[in-house]
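Asks: build me a model:
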Amino acid sequence: MKKYLIRLYILKYLEDQVIFERKMMGNDNLSIGALAKQVQCTVPTIRYYEEIGLLPHATRAANGRRYYGDADYKRLLFIKRCRDFGFPIEQVRNLVSLFENGDRACVEVRDLAQEHLNAVRTKIAEFRQLEVSLAAFVESCDAACCGGTAKDCTIIEDLSSTTSLSGTGCGGGASMGVPEDNPGFVSLKRG
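Replies: Numbers count the residues shown, from 1 in each chain. Coordinates of the predicted model:
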């Protein structure tokens, strides 16, 4: 009976320890894996953010394991949201600084967002130009060579052409027959 009570006492003690550890593993003592799971990112991403200084290095327990607190969780979540919106790392770094120093002017945050918005709009315009060029490729192929062999394909011919607009570079609409006043668009007239 005495052994039974001792075992019961030990089991109760272990059960209490598990409950205690689960409570402690809220957002105050998250392992790197648990933090990654809660924020929905990867462990290598967290390590990378630590390496580049976006996220402070984790507190290490006596066993060497990394543990993250609630402040780390909130900061990582903020960083992830910034990256989800496409902010580049340097802008994220500035936004994190503003996030953690709430006494700075809101206009600083707005200016960073406006700068990023301008960059996004520029990319959208470039994608629209690319869409027009790709549509012209497809239309040219449909009209001239679709159903033939690849060696006679107008798309292959135009992509392998060395004729290009000066200064437009890759993806800028280089092809034969592009007028100077029409930068960024492809004319697929066969010469």
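
Asks: just to be sure, Tyr67 is in a strand?
Replies: Yes - looking at Tyr67 with DSSP: H, G, I helix; E, B strand; the rest coil, it is inside a strand.

Asks: is it true that it touches Ala34?
Replies: No - using Cβ atoms under 8 Å, Tyr67 makes no contact with Ala34, being 9.4 Å away. Where you see a C-beta, it was placed from the backbone N, CA and C, and this is true even at glycine.

Asks: quick one: which of the two has more around it?
Replies: Taking other Cβ atoms under 10 Å, Tyr67 and Ala34 do not tie; Tyr67 has more neighbours (18 against 15).

Asks: measure the more buried one to Ile32 for me?
Replies: Going from Tyr67 to Ile32 by Cβ to Cβ, to the nearest Å gives 8 Å.

Asks: which SSE is the residue nearest the centre of the chain in?
Replies: Centroid-nearest residue in the chain: Arg83, 5.0 Å away (criterion: Cα atoms, centre = their mean). Using DSSP states H and E, the element containing Arg83 is helix 70-84.

Asks: any low-confidence regions in the protein?
Replies: For the chain, residues meeting the criterion pLDDT under 70 lie at 1-28, 164-191.
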